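Asks: Sharing a model that was predicted from the sequence below.
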Amino acid sequence: MSAPHTPVERADFDQVIVPSFAPARFIPVRGQGSRVWDQAGRELVDFSGGIAVNVLGHAHPELVAALTEQAGKLWHISNIFTNEPTLRLAKKLVAATFADRVFFCNSGAEANEAAFKLARRYAHDVHGPQKFEIISAVNSFHGRTLFTVTVGGQPKYSDGFGPKIEGITHVPYNDLEALKAAISDKTCAVVLEPIQGESGILPAEQAYLEGARALCDEHNALLIFDEVQCGMGRTGELFAYMHYNVVPDILSSAKSLGGGFPIGAMLTTHEIAAHFSVGTHGTTYGGNPLACAVAERVLDIVNTPEVLEGVKARHERFKSRLMQIGERYGLFSQIRGRGMLIGCVLSDAWKGRARDVFDAAEREAVMVLQAGPDVVRLAPSLVIDEADIDEGLDRFERAVATLTQA
Ligand SMILES: *Cc1c(COP(=O)(O)O)cnc(C)c1O
């Protein structure tokens with residue numbers, strides 16, 4: 001018999017949680033597919049996908065089965081031992097990508113932390129201690145540990161925490177000349193999101209990623225792609241680098257990888273991986289059997305032509321309707337992004353008001369996201385039903401109508 005739960009409400013958040021977030025007014029208690037129910041029993045359409053995490057929606061029966069089956073067998077065993085789900089998932093990731101080896105951890109920040117440490121270690125071992133500089137993009141987002149937040153190109157997130165990690169330069173995104181001017185033989189790595197997520201769903205230009213690859217090769221620097229947000233099928237390819245045919249040396253994944261169960265992964269080649277020798281880096285939970293069992297099932301389902309082709313078709317369905325809504329109400333200047341990672345760029349008249357759109361959408365029972373103050377972001381499940389797309393967009397249009405007529 002389980003003990004009865006103590007009743008809780010949204011107001012409790014403001015009393016007992018560290019105030020680093022400002023969540024919506026309602027508390028979701030249950031989800032099924034792309035629908036979510038709150039404490040009062042109100043049903044919402046979910047276009048937020050847990051910020052690009054719930055890649056197969058809520059309570060997908062195959063993920064529930066993978067988790068519960070593993071839960072009855074082995075939850076945790078530590079990295080003193082290996083386990084079957086870890087090995088199965090790693091083999092599948094290796095088979096599906098450029099990579100030969102995988103390091104598992106628990107989040108996007110940890111995957112990037114591992115990537116940046118590995119890039120520095122590789123350069124240190126192979127080229128010498130003077131080669132430690134990392135170049136990343138203005139407005140990029142790579143996580144919230146001190147290293148990753150410093151590599152991230154948003155000073156508002158990294159200022160005020162004492163001395164920063166040294167040797168990090170930020171260049172404007174999609175500006176190859178700026179990268180060319182910044183890179184040198186002291187550069188150990190260039191880090192890019194193939195689609196900048198948090199700062200507004202901004203895709204890289206083809207020539208930019210190709211040029212970055214060539215510059216890295218010329219200067220013996222590693223190219224790291226942060227695919228924490230844009231990877232794992234979200235764009236309609238398993239990883240976004242596959243659209244561009246530009247292959248990184250290290251790739252980080254998280255968010256969609258676990259479909260809602262925490263997991264991160266850093267993928268790389270044999271040659272580079274060799275520089276994380278025994279004892280060089282570690283984690284208690286990384287490669288946890290529960291997380292890997294779920295992620296293995298996510299990968300099995302996502303990495304199929306039906307799901308990946310379906311993502312492209314769903315993108316078109318969203319895009320044409322969003323463009324109509326944008327034109328009818330003068331709200332958006334552009335709809336951008338790929339697959340189930342969509343950015344609606346607010347027109348000049350609405351600049352800075354993404355939060356108002358978010359609030360209006362919530363009042364009409366549809367969950368959306370912001371990506372900065374000027375972009376409304378949608379990151380729904382890759383398998384969202386057409387009926388849910390249409391119903392959610394009807395609600396979204398009503399929200400926009402109320403907002404613009406207010
Ligand atoms: C979300 C995100 C991260 C950080 O992931 P966490 O799991 O929150 O640590 C890193 N990079 C990108 C591109 C992201 O979108």
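Replies: Great, that's in hand. Not measured: the values here are computed from a predicted model. Residues are numbered from 1 along each chain as shown.

Asks: so what are the domain limits for this protein?
Replies: Segmentation of the chain into domains, based on the TED database, reads 24-53+306-405, 62-303.

Asks: Looking at this protein, which helix is longest?
Replies: The helix spanning the most residues in the chain, taking DSSP state H as the definition, is helix 305-329.

Asks: by contact count, what packs against that helix?
Replies: With contacts defined as 3 or more CB pairs under 8 Å, 6 or more residues apart in numbering; DSSP states H and E, the packing partners of helix 305-329 are strand 332-338, strand 341-346, helix 386-405. In short, each C-beta sits where N, CA and C put it, glycine included.

Asks: quick check, distance from stretch 81-99 to the centre of its chain.
Replies: Its chain's average C-alpha position is 20 Å from that of stretch 81-99, according to CA atoms, centre = their mean, to the nearest Å.

Asks: Show the contacting residues for the most centrally placed residue in the chain.
Replies: Using CA atoms, centre = their mean, the residue of the chain that lies closest to the mean C-alpha position is residue 229, 1.8 Å off. Listed by CB atoms under 8 Å, 6 or more residues apart in numbering, the contact partners of residue 229 are 51, 52, 108, 193, 195, 197, 198, 255, 341, 379.

Asks: coming back round to it: so which of the domains of the chain is the most surrounded?
Replies: Sort these by mean neighbour count, taking mean count of other CB atoms under 10 Å, and domain 62-303 sits at the top with a mean of 20.

Asks: is it up against the ligand anywhere?
Replies: Yes - against the ligand, domain 62-303 shows contacts by CB under 6 Å from any ligand atom at 107-109, 112, 141-143, 193, 197-198, 226, 228-229, 254-255.

Asks: and of these, the nearest to the ligand?
Replies: Sorting the residues of domain 62-303 next to the ligand by how near they are to the ligand, with CB to the nearest ligand atom, puts residue 108 at the top with 2.2 Å.

Asks: how about that closest one, what does it touch?
Replies: 142, 143, 226, 228, 229, 252, 254, 255, 264.

Asks: circling back: show me the residues of domain 62-303 next to the ligand that map onto strands.
Replies: Secondary structure from DSSP state E places residue 226 of these in strands.

Asks: Pull the most distant pair out of the residues of domain 62-303 next to the ligand.
Replies: Distances among the residues of domain 62-303 next to the ligand were taken as CB to CB; the most separated pair is 107 and 193, at 15.9 Å.

Asks: Going by residue numbers, what spans are strands in the stretch 1-150 of the chain?
Replies: Assigned by DSSP state E, counting those that start in this stretch, the stretch 1-150 of the chain shows strands spanning 28-32, 35-38, 43-46, 101-105, 133-137.

Asks: Of all the ones you listed, which one comes closest to residue 65?
Replies: Closest to residue 65 of those is strand 28-32 (CB to CB; 15.1 Å).

Asks: Which residues outside the closest one are in contact with it?
Replies: 36, 37, 38, 39, 44, 46, 54, 57, 58, 59.

Asks: out of these, who's nearest residue 211?
Replies: For those, the closest approach to residue 211 (CB to CB) belongs to residue 54, at 34.7 Å.

Asks: The closest one: neighbouring residues, count only.
Replies: In terms of burial, residue 54 registers 27 neighbours under the definition other CB atoms under 10 Å.

Asks: Leaving out chain neighbours, which residue sits closest to residue 99?
Replies: residue 267 (3.6 Å; CB to CB, 6 or more residues apart in numbering).

Asks: Could you say which helix or strand holds the one you found?
Replies: Remark: residue 267 resides in strand 264-268, with elements defined by DSSP states H and E.
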